[in-house]
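Novice: no sequence for this one, just the structure:
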């Protein structure tokens, strides 16, 4: 396939481009400076010039940044994604929209694609509206809801595993929230599974995470142990880390549609 990836310098895009190229696909990546996806004329020129079979939309504004400047979140996650999806429809291409795990509530459970959303943050609202918009604009759309992502390279600020490694090397004690839960997910594994989903041709919404879930404290403790470091990790309440956005207490995802599609689950998060 010929694939166009927007936001190519991001963490997920970096691994997606490497993995898909490694499997023989022709992948063209555009960074924000190369393609401003909020500009319809630029999007149209890029799609008409490349004529891709698949477009992957990876750019995302941070959760707290969306809370402070919601207009920017709607511009990127909702408006720009819609521009890309409409160009996909015109080009008879497949669209892949990277969404979020933060669409649900505070009850500690695994949320499936069939659970009702509870949009606690402006980030979640912009992403969910983006999902709805792109599926309306382009029939051939896959919405991918990933877990707590890490990966890319050490230069990526959102590479949570590497950032915690650096922190553990500096500090004698790390403190981490024991009341926030999610599904840690490696972007390399996500890239491989997303390609399998795209190859199926079964369009729709997919939760795609490494198997299992953990509190933020359990996640950080596993990271420190994996590096063989002696740094202590202490569980604390999330109030110790005040944030602008009222993020859900639980972002653990159940990957029901992967199961229904007959695809193998991804490796456990500890192994990943």
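Specialist: That came in fine, so what should we check first? Here the structure is a predicted model, which is why all the values come from computation and not from measurement.

Novice: Helices of the stretch 1-150 of the chain, start to end?
Specialist: 11-22, 40-50, 63-68, 70-73, 81-91, 122-137 (DSSP state H, counting those that start in this stretch).

Novice: Dump these into a markdown table; add mean neighbour count, distance to residue 181 and mean pLDDT as well.
Specialist: (Glycine included, C-beta is placed from N, CA and C.) Output for these, formatted as a markdown table (neighbours: other Cβ atoms under 10 Å; distance: least, Cβ to Cβ, whole Å; pLDDT from 0 to 100):
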| stretch | mean neighbour count | distance to residue 181 | mean pLDDT |
| --- | --- | --- | --- |
| helix 11-22 | 21 | 21 | 97 |
| helix 40-50 | 15 | 37 | 96 |
| helix 63-68 | 18 | 16 | 96 |
| helix 70-73 | 17 | 24 | 97 |
| helix 81-91 | 22 | 27 | 97 |
| helix 122-137 | 22 | 16 | 98 |
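
Novice: Distance to residue 218 for those helices - can I get that in CSV?
Specialist: Formatted as CSV, the helices of the stretch 1-150 of the chain follow (distance: least, Cβ to Cβ, whole Å):
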stretch, distance to residue 218
helix 11-22, 22
helix 40-50, 41
helix 63-68, 21
helix 70-73, 29
helix 81-91, 33
helix 122-137, 23
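
Novice: Let me know which of these is the nearest to residue 228.
Specialist: Evaluated with Cβ to Cβ, these place helix 11-22 nearest to residue 228, the distance being 24.3 Å.

Novice: what about that closest one, distance to the chain center?
Specialist: Distance of helix 11-22 from the chain centroid (Cα atoms, centre = their mean, to the nearest Å) equals 13 Å.

Novice: Make residue 1 into 613 and carry on from there
Specialist: Happy to do that; since the first residue is 613 now, the last one works out to helix 623-634.
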